[in-house]
Every structure is written in C-alpha cells, then in structure tokens.
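1. Any chance you could fold what I've pasted below:
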Amino acid sequence: MVYLLQKLYDSCKEAFTSRNLNSSSPELLEHVRSLMDEMTLADLGLDEEFFIKSEYITKFPQAVFYLPICMCQSFSICIFYLPQSSVIQLHDHPDMTVLCKLLFGSIHVKAYDWVDPQGRPQRVGDSNGNLFSYF
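-> Numbering: from 1, shown residues only. Here you go, the predicted structure:
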C-alpha cells in the first residue's frame with residue numbers, strides 16, 4: 001500500500017523540481033495524474049471508518065480539514081475532508097498546478113479558467129473587495 005504513495009512522491013519530486021517547472025513536461029504531469037488515478041484510501045493506510053470515527057469530525061461535523069502527507073518546497077501532497085453539502089469558496093492558486101483525486105463519496109466541481117487575448121493576467125475582485133489574479 002505504501003508503495004503507490006512512494007511512487008507518487010517520487011513522480012511529484014521529478015515533475016515539480018525547479019528544473020522541470022518551466023518546461024512543464026506533459027509526460028511527467030501525466031505520469032503523476034495516472035498514479036493518482038490508481039490511488040485508493042487503502043494506499044494511504046486509511047479507510048472510510050477513519051473519517052467517520054475521527055474525534056475531530058465528531059467535535060466539528062461540518063468542518064473542512066486536511067491531513068498533510070508531504071510538504072515540500074516544490075509540491076505538497078495532502079488529503080482534504082469535505083463534509084456532506086460543504087462548499088469551498090471560489091479561489092485560485094497562482095503559479096501552481098493543482099491535481100485532485102476523489103477517494104470516497106461524491107463531489108460536484110465547477111472550475112473556471114480565465115483567458116486574456118493579450119496574455120496578461122486578469123484581476124478580478126469579489127464582493128469583499130479582495131483581488132484575485134488569474135493566469
């Protein structure tokens with residue numbers, strides 16, 4: 001089970017090192033994505049019961065939380081737990097590549113990519129006056 005997680009770590013390390021970030025090798029990124037496609041909770045040493053019986057979830061049943069698996073300078077691997085009917089606000093990850101894998105349950109995702117014909121970053125504000133950059 002740890003074998004697949006180790007392979008994912010090694011592939012992320014190769015794909016997201018500074019020497020590969022500018023070239024963004026589609027092959028390296030596809031390899032990371034294919035490993036994530038194979039991954040299950042068991043590959044992380046977990047099962048659904050871990051989340052159902054978690055003391056944190058019992059105390060805060062509607063809280064979104066995450067478990068860090070690996071935090072490196074070039075990349076992070078983590079598990080997010082989203083309770084039923086939870087919503088994550090619209091946000092961006094500037095200069096980041098984000099890959100997600102649903103391990104159990106179901107989710108509805110809306111994703112937006114903003115494109116400027118001149119290739120300039122788009123700056124958009126929310127109702128609170130916060131500015132977001134889209135590349």
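
2. got the CA positions of stretch 91-104 in CSV?
-> Extracted as CSV, the C-alpha positions of stretch 91-104 are listed here (Å, rounded to 0.1, in the frame of the first residue of the first chain):
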residue,chain,number,x,y,z
HIS,A,91,-10.3,30.9,-5.1
ASP,A,92,-7.2,30.5,-7.2
HIS,A,93,-3.7,29.0,-6.8
PRO,A,94,-1.4,31.4,-8.6
ASP,A,95,1.6,29.8,-10.3
MET,A,96,0.5,26.4,-9.1
THR,A,97,-0.6,23.2,-10.7
VAL,A,98,-3.3,21.6,-8.7
LEU,A,99,-4.3,17.9,-9.1
CYS,A,100,-7.2,16.4,-7.2
LYS,A,101,-8.4,12.9,-6.6
LEU,A,102,-11.7,11.9,-5.0
LEU,A,103,-11.0,9.0,-2.7
PHE,A,104,-14.6,8.4,-1.5
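
3. How far does it sit from its chain's centre?
-> 3 Å (C-alpha atoms, centre = their mean, to the nearest Å).

4. Likewise for stretch 61-72?
-> On C-alpha atoms, centre = their mean, the centre of stretch 61-72 falls 10 Å from the chain's centre.

5. What are the buried residues along it?
-> Buried residues in stretch 61-72, defined by neighbour count with 16 or more other C-beta atoms under 10 Å: none. C-beta here means a position set from N, CA and C on the backbone, and glycine is covered the same way.

6. ok, residues contacting it?
-> 5, 9, 12-13, 44, 56-57, 76-83, 86, 88 (C-beta atoms under 8 Å, 6 or more residues apart in numbering).

7. Return a PyMOL selection command for the buried portion of those.
-> A single PyMOL command selects the buried members of the contacts of stretch 61-72 (16+ other C-beta under 10 Å):
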select buried, resi 5+9+12+44+57+77+79+81+82
